[in-house]
Structure formats: structure tokens, C-alpha cells
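Peer 1: Fold the following and give me the result.
(2 chains)
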Protein chains: 2
Amino acid sequence: PDHAATAAVAVRQATLTKPPGSLGTLETLVGWLAAWQRRPMPQMERVEILVFAGNHGVVAQGVSPYPASVTAQMVANFSAGGAAINQLAAVAGAVLRVVPVSLDRPTDDLSQAPAMDEANFLDAVQVGHASVRPGTDLLCLGEMGIGNTTAAAALAAALQGGDPGDWVGRGTGLDDAGLRHKQAVVAAALQRHRAVLGDPLQVARCLGGRELAALLGAMLAARQLGVPVLLDGYVCTAAVAPLAHLAAGGLSHGWLAHVSAEPGHRRLAAALGLSPLLDLGLRLGEGSGAALAVPLLRAALACHAGMASFADAGVDGPAANGPR
Amino acid sequence: PDHAATAAVAVRQATLTKPPGSLGTLETLVGWLAAWQRRPMPQMERVEILVFAGNHGVVAQGVSPYPASVTAQMVANFSAGGAAINQLAAVAGAVLRVVPVSLDRPTDDLSQAPAMDEANFLDAVQVGHASVRPGTDLLCLGEMGIGNTTAAAALAAALQGGDPGDWVGRGTGLDDAGLRHKQAVVAAALQRHRAVLGDPLQVARCLGGRELAALLGAMLAARQLGVPVLLDGYVCTAAVAPLAHLAAGGLSHGWLAHVSAEPGHRRLAAALGLSPLLDLGLRLGEGSGAALAVPLLRAALACHAGMASFADAGVDGPAANGPR
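Peer 2: The predicted model follows:
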């Protein structure tokens, strides 16, 4: 990151017609954009939303109310413009790109075997890595994959520890019995892969999924290309969490766009030190929360770039000798 | 409110290609817009931001780091397009109107006398009431007035009770000594006006300000005209709080856009049962938090209006016999 760019942002902020710090997180966001875009006046011209889709062998265990066929059907819905993320991308002024990752080849059932072998895992990481375009001003990451909150819960439990059941939620809408079953499946997966729990990348391979691996690859590419990232919900956060375990600050080019209704997400965000911009009870995925946060960054930047200074506007500053 | 319109929103939501409830608060917002716009498909074509400005006699007590001259200077800055709210209005796609309320006549010092007599109070209420245009789809309320967080704290303390000091914050940036002094001024005001504390409108007259009275009038007019309102920060919330004390549900056509860094605001929002959409540490006023939340409502409505149904998109619903 370019700390000089962040410092230049702070210098300009201090001249603008508002009490110091009164735009709160909006001011911090501009400094963060500047740091990763490596320029003192960041921009938001090229905003992209990347949604990776994958299928999951663990769906055979009955961890989702929806059939696996929905993954490809929703990808078609994205193409036709009928999904939530299409509408949210339009409001955000962002380009949406959907990248199906071998939908015809579900991962192996992670409660029974490694989700992917090394070659398949690296292929998926590479798909994600190659999807990030140089010159992107802001990247929103999202995903679609029936069964993938099970992978997210398994990943989070493997990386962060604690009772596996605490990381499991209702996903798209499990009832109580379904939730208990999903908890048992995740616990079995943790037990099955106990030998690799100390290795973040092996955890991503054995307990993740193709779209999660692609998210990890995209997050890496964004780091290398100087592209700040808005992270979406539980699956997205779990997918990139191995990078935080591989290196301190490994996620610092990302900002958590929102915290979802899936209880494991709040827990994981706290564990990773990520502060969400929004907390609106979303639990959809598709990058929906990330897209929803884009206007906040546009607003932050608009204030920074467009406001008048005290001097130019002829507005008095604080009284020299204090208020009294 | 039109409950049938809200019910129609829920019926449509259930057909859209997403798990039920997965857009969280966005779904609730659409039902709320429908209820107050009184139509099953709400719209967001005419979004207005009304910023009322006033001056405060209590500034003579040294409750703000900024001189009272800044109120008029900032109104000029609004006209010139140089303030934060100008930039935020543009991002929100909203029309900004600034209404100075007798800036050349500050209120009387509320720690020494009633801030306004009956005639001046009603005049200011009427200015606000007349400012709301029929046919507005969404109204954002905001304010500007050096010294007005002192009025807000006094109003909140008078209406909600408790230790007056708990309602007092640093406003635009008081130091510790300034904060203690402001607390003492508010406590003196409460003591001075103890005879009227049981009457919400007398509290607004004696402890408020002209721009606060105008906000109250605008909130009333919005109710009568079927205009949903986004409330901004501490001053705005305190200004309309008397309506909640006059009638249960008196603020239900308003949604709190954000909770500010001023600690009294979180306390007041909780006491009034208002849930903020955003919590980003803003403490600027000007309607900035309300404007910032507008894209969230645009996003909510875009999803509701634009998404495909399961049937139209050919997406399978939950398995008929559950996941297993």
C-alpha cells in the first residue's frame, strides 16, 4: 500500500468544510482506496463485480433445501439479468461478470474426501486469479453455489477452531432438523480432514469449493494489481480467510462490505478483524452485499474530491482561543 | 399507511429468485415505502433533501468550537455546491433544498429563557410544514446550526429523562473541558424549564431551535402527504422526537438513516425504537447520513421491481420433500 497517498488524503481532508473527522468511516475509506490504488486522489470509474459459481458434492448429504441444479439455473438468471445482483450492479454503476467454475464437475463430498485434488484446486485458484483485470478501481467479490455455506462453515471452523457447530447456519433456509444435520456433516468433515487443519491452503483444498478457490485467487490477484476489494458475505469471507492465516495483513486490501444474517459470518469477521460497512440482515450471496456498499464508497470519494475548502468557501474555522 | 400495499409487496417478494427473506432489511424497506406511498409498487423518482438552518442564542454560552457566523457561511456553501451534502445529494440522485429559518434572529439562550415564544415557534413549524412538496417519493431531513447539538441534547434529556449529561456529546469537536461545560449548560436549561418538561411541544419551543421546529413541521407534513422520510442524525431525531411522545407510532413514516458518533443519538434512537440503516461514525449533520442511505432504498426497490420470478427464470424452488 502507498502510505504517502493515504497521508495526502488526510492533508486534504483537513482543509474541507466540515469538522475534522465528522465523515467518520467515509474518510477512512478514501485513505484506504488511495493506499491500494497508489494515488492520492483515488477514482471509482471502473468498478467490477466478479461472481464465481461452483457445485458441491456435499449437497448429496442434504445440506441445502435447494437442489444442485439451481446453481446453473441461477448462472443463467445472471446472464438474463433477472437476479438480485443484476439490479444491485446497476444501482452501483458496476460491471457484473459471472464466472462459472466447472459447474458440470461438482467437488467431491468434503465430508467423505478432499473436496478437490491439487490440480483441480490450483486450476480454480488460477481461474480466479486470471479474472481480475488490471486497472480496476474497485472489485466486488461474490459467489453462487448450492451447498457452499457448508463449505464456508467447514473452512471457518478448520481455520479458526472452536465447536464446528458454532460456525454452521441455516444457509438458504434450513429448518431446525436440517441445521442439526448440517452441523453433523461439518463436524464429520473436520474429523475426516483433521490431519491438514494446520495448513490454510490444504484446508481450502479439502474443505472448500471451486468458487471459493477462485475467490482466493482473485483476492491474491487484486493484491498484486493494486485493486481494493469489497468482500461480500460468509462464503466470500471464508474463501479468502486462508490468506489472513498465511500472512498478517493478507486481507488488508479488502474491506468487508457487510455482515450477513448467517451467524458464523459475524464470528468470522470478528476473528479476522474485519469491520463491516453494512449490517442489514442479508443472506443471499451473489456479491449482493458488496454491490450494495459501492455507493458508500462513491459517496466518500465524492465528498473528498468535490467539497470546498474553508478558505475557498469563506467559512470560519474553530475559534482560535476555543469556544469560551 | 396502506397495509394492503405492504402485503402486496410481500406476495411479490415470495416469487422472486432468492431464498425467502434473504435480502433482509431491503425487503422490509420496500414494504415500508409501499405503505406510506400507498401503492403496491413504490417509486423513487422524486427524492428530496430538505436542510433547515437556524441560529442559537445558547452559542453565547460557549457550547461550540465554531462561531455562530458559520451557520450562514455554510448556507452559502450549500448554495455554491461546496458542502458534503451537495456531493452526497448528487450520489443519491436527490434534489437538495436548503431553507434558512430567520438566521438573522438567533433563538434566545435556552439555558436562560425559552428559546422561542409561541409565535416564533409556530412560524418555524409552519416554514417546515410548507416546505414538503406533495408527490415527493422520499424525503431526507437534515439541518445546519452552530450550537444545535446543545438544543438536541436538551430536547432529548427533557423528553426521555435520566441524567442530562448522558445526552450531551462533543458536537463538532469539544475538548473535555468544553464537554463538561456543555453538560452544565444543558443541566441548567433543564432546571430552568422544569415546569414544561411534561409537554412535548412546549419542550420543543423552550429547548429547541428554529431549524428543529421546522424539522418537526416537515415531519408532520410528510405524514399528511404520504411521504416516507429518512431521518438524519442526533439533531434531526431529537427535533421530531416530540411527535413520538404525542402519539404512538408518530414517527412510523420515518426510518432512521444512520446512528451518529454523538453518543446521545444511539441512546435516543433506542428509546424511540428506531433502527438505523447505517452506523459509520458520521457526526456532520446537513442530512449527510440520510443522503448516504438513499442508494440503499434505490437498491431495495430495484431488486423488488427488476428481479425475475422463479417461474419466469426457470429456477427450481426448494425440494418439495425437504433437502434429504
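
Peer 1: For the residue nearest the centre of chain A, give me its contacts.
Peer 2: Closest residue to the average C-alpha location of chain A: residue A:231 at 2.0 Å, with C-alpha atoms, centre = their mean. Residue A:231 sits next to A:141, A:237, A:240, A:251, A:254, A:255, A:256, A:257, A:274, A:290 when contact means C-beta atoms under 8 Å, 6 or more residues apart in numbering or on different chains. C-betas here are computed from N, CA, C, even on glycine.

Peer 1: can you do 6 Å?
Peer 2: Neighbour list for residue A:231: A:141, A:237, A:254, A:256 [criterion: C-beta atoms under 6 Å, 6 or more residues apart in numbering or on different chains].

Peer 1: now residue A:237
Peer 2: A:231, A:268.

Peer 1: Same check on residue A:147?
Peer 2: A:56, A:58, A:59, A:63, A:64.

Peer 1: separation between the residue lying closest to it once chain neighbours are set aside and residue B:200?
Peer 2: Excluding its sequence neighbours, the residue lying closest to residue A:147 (C-beta to C-beta, 6 or more residues apart in numbering or on different chains) is residue A:56, at 3.5 Å. From residue A:56 across to residue B:200, the span is 57 Å (C-beta to C-beta, to the nearest Å).

Peer 1: and if you look at residue A:76?
Peer 2: From residue A:76 to residue B:200 the distance is 56 Å (C-beta to C-beta).

Peer 1: Check residue A:105 too.
Peer 2: Residue A:105 is 66 Å from residue B:200, by C-beta to C-beta.

Peer 1: the more surrounded of the two?
Peer 2: Each of residue A:105 and residue B:200 has its neighbours counted (other C-beta atoms under 10 Å in any protein chain shown); residue B:200 has more, 21 against 13.

Peer 1: quick one: that one from residue B:245, how far?
Peer 2: 4 Å.

Peer 1: I'd guessed residue A:89 sits against residue A:97; true?
Peer 2: No - counting by C-beta atoms under 6 Å, residue A:89 sits too far from residue A:97 to count as a contact (9.7 Å).

Peer 1: circling back to that earlier point, may I have the phi/psi pair for the residue nearest to the centre of chain A?
Peer 2: Main-chain dihedrals, residue A:231, degrees, to the nearest 10: phi -90, psi 140.

Peer 1: So what pairs up with it in the strands?
Peer 2: Taking DSSP bridges, one obtains residue A:141, residue A:256 as the residues bridged to residue A:231.

Peer 1: where along chain A do the strands fall?
Peer 2: A:47-53, A:95-100, A:138-144, A:229-231, A:254-256 (DSSP state E).

Peer 1: any chance of these in a markdown table, with mean pLDDT too?
Peer 2: Formatted as a markdown table, these follow (pLDDT from 0 to 100):
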| stretch | mean pLDDT |
| --- | --- |
| strand A:47-53 | 98 |
| strand A:95-100 | 98 |
| strand A:138-144 | 98 |
| strand A:229-231 | 98 |
| strand A:254-256 | 98 |
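
Peer 1: could these go into TSV alongside distance to residue A:25?
Peer 2: Shown next, in TSV, are those (distance: least, C-beta to C-beta, whole Å):
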stretch	distance to residue A:25
strand A:47-53	19
strand A:95-100	25
strand A:138-144	16
strand A:229-231	13
strand A:254-256	10
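
Peer 1: quick one: stretch A:69-76 near chain B?
Peer 2: Yes - using C-beta under 6 Å from any C-beta of the partner chain, stretch A:69-76 comes into contact with chain B via A:69, A:70, A:73.

Peer 1: Report the rounded mean pLDDT for that stretch.
Peer 2: In this model, stretch A:69-76 has a mean pLDDT of 97.

Peer 1: ok, and for it, which residues are buried?
Peer 2: For stretch A:69-76, a neighbour-count test (16 or more other C-beta atoms under 10 Å in any protein chain shown) marks A:70, A:71, A:72, A:73, A:74, A:75 as buried.

Peer 1: for stretch A:124-132, same thing?
Peer 2: Buried, per 16+ other C-beta under 10 Å, within stretch A:124-132: A:124, A:125, A:127, A:128, A:129, A:131, A:132.

Peer 1: and if you look at stretch A:257-266?
Peer 2: Under the neighbour-count criterion of 16+ other C-beta under 10 Å, stretch A:257-266 has A:257, A:258, A:259, A:260, A:261, A:262, A:264, A:265 buried.

Peer 1: List buried members of the contacts of residue A:147 by neighbour count.
Peer 2: The buried subset of these - by 16+ other C-beta under 10 Å - is A:56, A:58, A:59, A:63, A:64.

Peer 1: from these, which single one is nearest chain B?
Peer 2: If you rank the buried ones among the contacts of residue A:147 by distance to chain B using C-beta to the nearest C-beta, residue A:64 comes first, at 5.7 Å.

Peer 1: how near is that closest one to residue A:151?
Peer 2: Residue A:64 is 11 Å from residue A:151, by C-beta to C-beta.

Peer 1: now residue A:32
Peer 2: Taking C-beta to C-beta, one finds residue A:32 at 29 Å from residue A:151.

Peer 1: Among those two, which residue is more densely surrounded?
Peer 2: The neighbour comparison of residue A:32 against residue A:151 (other C-beta under 10 Å) goes to residue A:151, with 30 against 22.

Peer 1: who's in contact with the closest residue to residue A:197 other than its chain neighbours?
Peer 2: Of all residues not flanking residue A:197 in the chain, residue A:158 sits nearest, at 5.1 Å (C-beta to C-beta, 6+ apart). Applying C-beta under 6 Å, 6+ apart to residue A:158 gives the contacts A:197, A:203, A:207.

Peer 1: Residue A:156 is in contact with the last one, correct?
Peer 2: No - the pair residue A:207 and residue A:156 does not pass the contact test of C-beta under 6 Å, sitting 9.3 Å apart.

Peer 1: Which residues are in contact with residue A:101?
Peer 2: Contacts of residue A:101 by C-beta under 6 Å, 6+ apart are A:52, A:54, A:124, A:127, A:210, A:211, A:214.

Peer 1: try 8 Å this time
Peer 2: A:52, A:53, A:54, A:124, A:127, A:128, A:210, A:211, A:213, A:214.

Peer 1: Kindly report the same for residue A:188.
Peer 2: Applying C-beta under 8 Å, 6+ apart, one finds that residue A:188 lies in contact with residue A:111.
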